[in-house]
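Chemist: Here is the input, now give the coordinates:
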Amino acid sequence: MTEQAVEQSQEIDQEKQEALRQEWIREHFQKANRFLAEKGVIPSNVIVDESRYLAPYVAIWKMESKQPKKQTFWVMSGDLPSDYVDVNVAGTAREAIRHFSMMWQLKAENLHKSGATKDPMQAKFAQLLVSRAESLYQIHNDEKLWA
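Modeler: From the prediction side, this is the model:
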């Protein structure tokens, strides 16, 4: 392969990667919208400049709603359970990720304390929450991701 052919191949690979990343972002934006709608919240706007994406793991969206009343939320989607919180709990996407991490650790602990984890489905869910909470905390602490 000539040097020019290698460069062209690398450019095509980068274009493919970017196309896949954009597709993932669109898919998880739609997932976040559906999730909010299922919770009775109708999103009206996403604040793109403050939203963050680490495809294919997690997207954290800052979204506004007009219905049932005007509010702003941090909404998370990706390779983890979708969730949302009021924007007042965290000033940035990074802080929101840390909040979700701590919140999920507490939810898992409460499932264990309540005895709900005797049900295999609840035990599996608690395990998933702990696993994803730990991953989120690592993402929060990785300075390279937030530079």
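Chemist: residue ranges of the strands in the chain, please?
Modeler: Assigned by DSSP state E, the strands in the chain fall at 42-46, 52-54, 58-67, 71-78, 83-86.
Chemist: State the mean pLDDT of the fourth one.
Modeler: In other words, strand 71-78. On average, the pLDDT along strand 71-78 is 95.
Chemist: thinking residue 73 is in contact with residue 41, fair?
Modeler: Yes - at 7.2 Å, residue 73 counts as touching residue 41 under the criterion of Cβ atoms under 8 Å. Just so you know, the C-beta spots here come from the backbone N, C-alpha and C atoms, and that holds for glycine as well.
Chemist: quick one: residue 145 from residue 111, how far?
Modeler: Using Cβ to Cβ, to the nearest Å, residue 145 is found at 29 Å from residue 111.
Chemist: And the two? Which one has more around it.
Modeler: residue 111 (19 against 13; other Cβ atoms under 10 Å).
Chemist: still on that earlier bit, which one of the strands of the chain lies closest to residue 12?
Modeler: Of all the strands of the chain, the one in closest proximity to residue 12, counting by Cβ to Cβ, is strand 52-54 (22.5 Å).
Chemist: Quick check: buried residues in stretch 25-33?
Modeler: For stretch 25-33, burial by neighbour count (16 or more other Cβ atoms under 10 Å) applies to 28, 29, 31, 32, 33.
Chemist: Equivalent analysis for stretch 128-143, please.
Modeler: 129, 130, 132, 133, 135, 136, 137, 139, 140.
Chemist: ok, of the residues you listed, which one's closest to residue 51?
Modeler: residue 139 (14.5 Å).
Chemist: Check whether the closest one really touches residue 59, as I assumed.
Modeler: No - with contacts counted by Cβ under 8 Å, residue 139 stays clear of residue 59, the gap being 11.6 Å.
Chemist: who's in contact with residue 98?
Modeler: 90, 136, 137, 140 (Cβ atoms under 8 Å, 6 or more residues apart in numbering).
Chemist: what is in contact with residue 73 and residue 41 at once?
Modeler: Taking Cβ under 8 Å, 6+ apart as the criterion, residue 73 and residue 41 both touch 65, 84.
Chemist: what about those two, which has more around it?
Modeler: Legend: neighbour count by other Cβ under 10 Å for residue 73 and residue 41, higher for residue 73 (23 against 20).
Chemist: For the protein, which helix or strand comes out least confident on mean pLDDT?
Modeler: When each helix and strand of the chain is scored by mean pLDDT, DSSP states H and E, helix 3-38 comes last, with a mean of 85.
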